[in-house]
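[1] Sequence below, structure please.
(one chain, ligands or ions: 1)
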Amino acid sequence: DVSFVDFNNNINSVLPRFSRPANHSRIFYGVMFDAGSTGTRIHVYTFIQSNSELPVLDNEIFQSLKPGLSAYADSPKMATDGIRKLLKVAKKSVPRLEWKKTPVVLRATAGLRMLSAEKAQALLDQVQHVFDESPFLVPDNSVTIMNGTNEGILAWISVNFLTGHLSAAQNKKTVGILDLGGGSTQITFLPKLKKTIESVPVTDYIARFDIFNSTFELYTYSYLGNGLMAARLATLGALGAEGLEDRVFKSSCLPKKFMEDWSFGGLTYHLSGDPGSDTGFKPCYQEVLKVVKGVIHQPYELQDSNLFYAFSYYFDRAVDAGLIDGVQGGMLEVRDFKKKAKEVCSTMTKNPSVSPFLCMDMTYISCLLKDGFGFKESTVLQLTKTVNNVEASWTLGAVLDHFHSLKIH
Ligand SMILES: O=c1ccn([C@@H]2O[C@H](COP(=O)(O)OP(=O)(O)O)[C@@H](O)[C@H]2O)c(=O)[nH]1
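    Prediction:
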């Protein structure tokens, strides 16, 4: 199953050959849009193709805007303004002469996966229209919904590329990834034990892909509905509920006096604390446990096999809670999330924190890590937003895949 992919041949099929002095390394660009459930982001990557197998990532330009595409589910034309704004960033970042050779691609994640196929397609059609009018190279299938397996694999490729673990692929010493989005959450790692692969509930948990001379066989899964925003709704019993106008969703994870309208995925929910019940970590844990129990599979091996990089909302909430520095990131033990959740939940009514949801979010993260994936309290996670100034995101892996055809199967 191992196949050698000639990187240069692949690039030439996308970027037409042009003459340069023989010793001049080639510079090329890739533009990837991440249409997430909570926002849309553009990543403009500059690569230098030297003679070695892997290109060198020279730099990334990153911009984001809120809300995500799914907020325009009932008025898809309104989604185009944001896409146009972000495309301007690409025009500023890529030299004019390179526009025609530079691919623009958009991949949508959980926000669009959770919409009906018709509504999602109407949004994608609008984006496609804006891309078609742009001066960039618009490859086939440049605007699609990405499946969860690819989201997990591509994030794993990104982080292992950025941390230098892919160039020494033969060692197979890699890091695992934990990605917590708004709508879905992904776990991906390279198992050391056969038993891990043999003991998955369905074969969907294992994915193979080829890169240079090796095939990687990864444990990867994306749980739709277990992203942080979707988990809030599920905890409140509001996920997929009808008659939203006339209902108020309550939780022991919210401050007793809290009462607010809250929007996600184009819908608005009336939320409130629960003055008539106990609030705090214990009752809250029981509530969030319902979102995790029987849903999340526990891999056979976990703690000792890999160092895990945790990013997206894992990182954001660790910063909000004061556990790590917002620029540096840092190492945390799983128990640190729990300890902090207890603290935030016990003081939320008297001493409101940055967000009324912090108790719920921190409790959910603790529960997901421990009762969900089955991490030990003592497992150390590397909380990361950027590696060498590049966002930890599946988007880099997606650009590498585009140029390189990693043959994910
Ligand atoms: O390049 C990126 C892309 C996303 N995020 C974070 O990812 C989370 C949201 O994920 P998203 O809206 O993409 O949800 P999904 O659709 O993946 O469930 C938030 O914490 C964002 O700040 C980020 O930090 N950098």
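
[2] Mind pulling up the pLDDT for the residue in the stretch 51-200 of the chain that the ligand sits nearest to?
    Here the stretch 51-200 of the chain gets closest to the ligand at one residue, residue 181, 2.4 Å apart by C-beta to the nearest ligand atom. Glycine gets a C-beta too; all of them are placed from N, C-alpha and C. At residue 181, the pLDDT value in this model is 98.

[3] so what's it closest to, chain neighbours aside?
    Counting by C-beta to C-beta, 6 or more residues apart in numbering, residue 227 is the residue found nearest to residue 181 once chain neighbours are left out, at 4.3 Å.

[4] residues touching that neighbour, list them.
    By C-beta atoms under 8 Å, 6 or more residues apart in numbering, the contact set of residue 227 is 37, 110, 180, 181, 182, 183, 184, 185, 313.

[5] repeat that with 10 Å
    Neighbouring residues of residue 227 by C-beta atoms under 10 Å, 6 or more residues apart in numbering: 36-38, 109-111, 114, 179-186, 233, 264, 312-313.

[6] Look up the pLDDT of it for me, please.
    Taking residue 227 on its own, its pLDDT is 98.

[7] gap between it and the ligand?
    4 Å (C-beta to the nearest ligand atom, to the nearest Å).

[8] So for the helix or strand harbouring residue 223, what gets flagged as buried?
    Element membership for residue 223 (DSSP states H and E) is strand 214-224. For strand 214-224, the neighbour count (16 or more other C-beta atoms under 10 Å) marks 216, 218, 219, 220, 221, 222, 223 as buried.

[9] In CSV: those residues, plus distance to residue 373 and pLDDT.
    Below are those laid out as CSV (distance: C-beta to C-beta, whole Å; pLDDT from 0 to 100):
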residue, distance to residue 373, pLDDT
216, 20, 91
218, 15, 96
219, 11, 97
220, 13, 98
221, 10, 98
222, 13, 98
223, 10, 98
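
[10] picking that back up, other SSEs contacting the strand holding residue 223?
    Counting contacts by 3 or more C-beta pairs under 10 Å, 6 or more residues apart in numbering; DSSP states H and E, the secondary-structure elements packed against strand 214-224 are helix 110-113, helix 148-162, strand 176-180, strand 184-189, helix 194-198, strand 206-211, helix 228-235.

[11] do you know which of those lies nearest residue 318?
    When the helices and strands packed on strand 214-224 are compared by C-beta to C-beta, strand 176-180 sits nearest residue 318, at 10.7 Å.

[12] That closest one vs helix 148-162, what angle?
    When axes from the mean of the first three to the mean of the last three C-alpha atoms, to 10 degrees is applied, the directions of strand 176-180 and helix 148-162 differ by 120 degrees.

[13] contacting residues for the closest residue in space to residue 228 that isn't next to it in sequence?
    Distances taken as C-beta to C-beta, 6+ apart place residue 313 nearest to residue 228, at 4.4 Å, with adjacent residues excluded. Residues in contact with residue 313 (C-beta under 10 Å, 6+ apart) are 38, 179-182, 185, 227-229, 231, 320, 361, 364-365.

[14] Relative to the ligand, how far out is residue 313?
    Counting by C-beta to the nearest ligand atom, the gap from residue 313 to the ligand is 4 Å.

[15] roughly how far apart are that residue and residue 105?
    24 Å (C-beta to C-beta, to the nearest Å).

[16] quick one: residue 89 and residue 60 touch, right?
    No. Counting by C-beta atoms under 10 Å, residue 89 stays clear of residue 60, with 11.6 Å between them.

[17] ranges for the helices of the stretch 1-150 of the chain?
    Remark: helices assigned in the stretch 1-150 of the chain by DSSP state H, counting those that start in this stretch are 7-14, 80-93, 110-113, 117-132, 148-162.

[18] one step back: burial measure for the residue of the stretch 51-200 of the chain closest to the ligand, as a count.
    A total of 25 residues lie near residue 181 under the criterion other C-beta atoms under 10 Å.

[19] Same question for residue 261.
    The burial count for residue 261: 9, using other C-beta under 10 Å.

[20] same deal with residue 208?
    Residue 208: 14 neighbours (other C-beta under 10 Å).

[21] mind listing what the residue nearest to it when sequence neighbours are not counted touches?
    Nearest non-adjacent residue to residue 208, counting by C-beta to C-beta, 6+ apart: residue 217, 5.0 Å away. Residue 217 makes contact with 1, 190, 191, 196, 197, 206, 207, 208, 209, according to C-beta under 10 Å, 6+ apart.

[22] Please tell me how far residue 217 sits from the ligand.
    Applying C-beta to the nearest ligand atom to residue 217 and the ligand gives a distance of 24 Å.

[23] All good on my end, thank you.
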